[in-house]
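Visitor: what follows is a predicted structure for the sequence shown.
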Amino acid sequence: MKQTARLSDSYERIWKTVRKIPRGKVATYGGVARASGLPRQARLVGYALHNLPPNFDIPWHRVINSQGRISLPKNGGHHERQRRLLEKEGIAFLKDRVDLKRYEWRAQSSKRKFLPKKKHAHVLPH
DNA sequence: CTAGTGACCCAAC
DNA sequence: GGTTGGGCCACTA
């Protein structure tokens, strides 16, 4: 059964990383991207989670944005569901936001592969 | 091929 | 605190 079976290698890397996020912790989209060897591709992480296969066993709710907020729109019910799942794991919300300093999970420094592009930014002082 | 969109991010106002 | 604009990449029409 191959049905649209060309889920990219990137998706699998991302899902694999998300499964490592421990209970009671959260990770940002960008953080998951980095931990997956895909720096600067936070958007892809959101895409990968949005397109999860049905009945997929993965702690998707532990991924939030860099502001410490839930990225799902509030008008679908998913937003509240994610929040409830997190609170059930002991994560506290303060005004729709969690304290990343306290709850953010960091992957054990996987040597960052490569940094694509980035154009030129000579912000360096001299 | 181009243009628009998206569970994103960051620096600058 | 808030908004704007650029950058990213995969996907769709």
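Guide: Structure received. Residues are numbered from 1 along each chain as shown, chains lettered A, B, ... in the order given.
Visitor: so what's A:Lys74 scoring on pLDDT?
Guide: Reading off the per-residue confidence, A:Lys74 sits at a pLDDT of 85.
Visitor: now it, nearest residue through space, not along the chain?
Guide: With C-beta to C-beta, 6 or more residues apart in numbering as the measure, A:Glu80 is the residue that lies nearest to A:Lys74, at 7.7 Å, once sequence neighbours are left out. For glycine as for every other residue, the C-beta is placed from the backbone atoms N, C-alpha and C.
Visitor: what strand or helix carries that neighbour?
Guide: helix A:78-88 (DSSP states H and E).
Visitor: DNA strand B versus the residue most central in space within chain A, what's the distance?
Guide: Most central residue of chain A, judged by C-alpha distance to the mean C-alpha position with C-alpha atoms, centre = their mean, is A:Tyr29 at 3.2 Å. Remark: distance between A:Tyr29 and DNA strand B (C-beta to the nearest atom of the strand, to the nearest Å) = 3 Å.
Visitor: now do the contacts for that residue.
Guide: A:Ala42, A:Arg43, A:Val45, A:Gly46, A:Val63, A:Ile64, A:Asn65, A:Ser66, A:Ser71 (C-beta atoms under 8 Å, 6 or more residues apart in numbering).
Visitor: apply 6 Å and report the result again.
Guide: When contacts are counted by C-beta atoms under 6 Å, 6 or more residues apart in numbering, A:Tyr29 touches A:Ala42, A:Val45, A:Gly46.
Visitor: kindly report the same for A:Arg19.
Guide: Contacts for A:Arg19 were tallied using C-beta under 6 Å, 6+ apart; they are A:Ile58.
Visitor: any idea of the pLDDT on it?
Guide: According to the model's per-residue confidence, A:Arg19 sits at a pLDDT of 95.
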